[in-house]
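Student: Sequence first, then the predicted structure, then my questions.
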Amino acid sequence: VQLVESGGGSVQAGGSLRLSCAAPRYTLNTACIGWFRQAPGKEREGVAAIWRGVSITYYADSVKGRVVISQDSAKNTVDLHLNALKPEDTAMYYCTARSASRRCDTWSTYANWGQGTQVTVS
């Protein structure tokens with residue numbers, strides 16, 4: 001199932017954005033939700049992930065300290081808080097889900113990409 005991302009936009013360097021991923025209720029206890037990004041001409045890369053059942057979070061080294069992944073069980077969303085944004089954070093951001101059978105930051109094991117949400121930092 002493809003998930004739906006929202007919240008992207010254009011922001012100046014140093015600014016913040018909150019991206020949201022509508023996560024189906026069935027993922028609540030058993031799944032990893034991962035956020036990825038892909039800049040023009042570059043490969044898709046993992047940004048952050050959360051193991052929903054126990055709220056364990058994982059971050060790529062490139063964003064540690066600037067990004068926070070969180071979940072809102074009432075709204076069934078997994079949010080990505082982007083802070084201190086840099087022009088190199090400009091990319092299409094995607095979220096997706098898979099089972100938690102492996103560590104959630106095993107980035108290569110994710111699939112089922114949706115439309116994404118664009119983040120542009122100038």
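Tutor: Arrived safely, thanks for sending.
Student: contacts, neighbours, all on C-alpha from now
Tutor: Will do.
Student: From the centroid of the chain, which residue is nearest?
Tutor: Trp35 (2.1 Å; CA atoms, centre = their mean).
Student: Dig out what that residue forms beta bridges with.
Tutor: Beta-bridge pairing for Trp35 (DSSP bridges): Ala48, Cys95.
Student: I'd like to know how far the residue nearest to Ala49 when sequence neighbours are not counted sits from Tyr59.
Tutor: Distances taken as CA to CA, 6 or more residues apart in numbering place Gly34 nearest to Ala49, at 4.1 Å, with adjacent residues excluded. Distance from Gly34 to Tyr59, counting by CA to CA, to the nearest Å: 10 Å.
Student: Over to Ile50?
Tutor: For Ile50, the distance to Tyr59 - CA to CA - is 9 Å.
Student: out of the two, which sits in the more crowded spot?
Tutor: Shown here are Ile50 and Tyr59; by other CA atoms under 10 Å, Ile50 has more neighbours (25 against 21).
Student: give me the low-pLDDT residue ranges for the chain?
Tutor: Where the chain drops to pLDDT under 70, the residues are 29.
Student: same thing but at 80, please
Tutor: Applying pLDDT under 80 to the chain picks out residues 1, 24-30.
Student: Where do the strands of it begin and end?
Tutor: Secondary structure of the chain by DSSP state E: the strands cover 4-6, 9-11, 17-22, 31-38, 45-51, 56-59, 67-72, 77-82, 91-99, 117-121.
Student: Which of these sits closest to Tyr110?
Tutor: When those are compared by CA to CA, strand 91-99 sits nearest Tyr110, at 6.5 Å.
Student: Residues in contact with that closest one: which ones?
Tutor: With CA atoms under 8 Å, 6 or more residues apart in numbering as the test, strand 91-99 has contacts from 2-5, 21, 27, 30-40, 110-120.
Student: how far away is Gly116 from Asn76?
Tutor: 18 Å.
Student: Can you get me a residue count around Lys75?
Tutor: 11.
Student: tell me the phi and psi of it?
Tutor: The phi/psi pair for Lys75 (degrees, to the nearest 10) reads phi -90, psi -10.
Student: distance of it from Tyr59?
Tutor: Lys75 is 23 Å from Tyr59, by CA to CA.
Student: And Asp79, by the same measure?
Tutor: Applying CA to CA, the value for Asp79 to Tyr59 is 13 Å.
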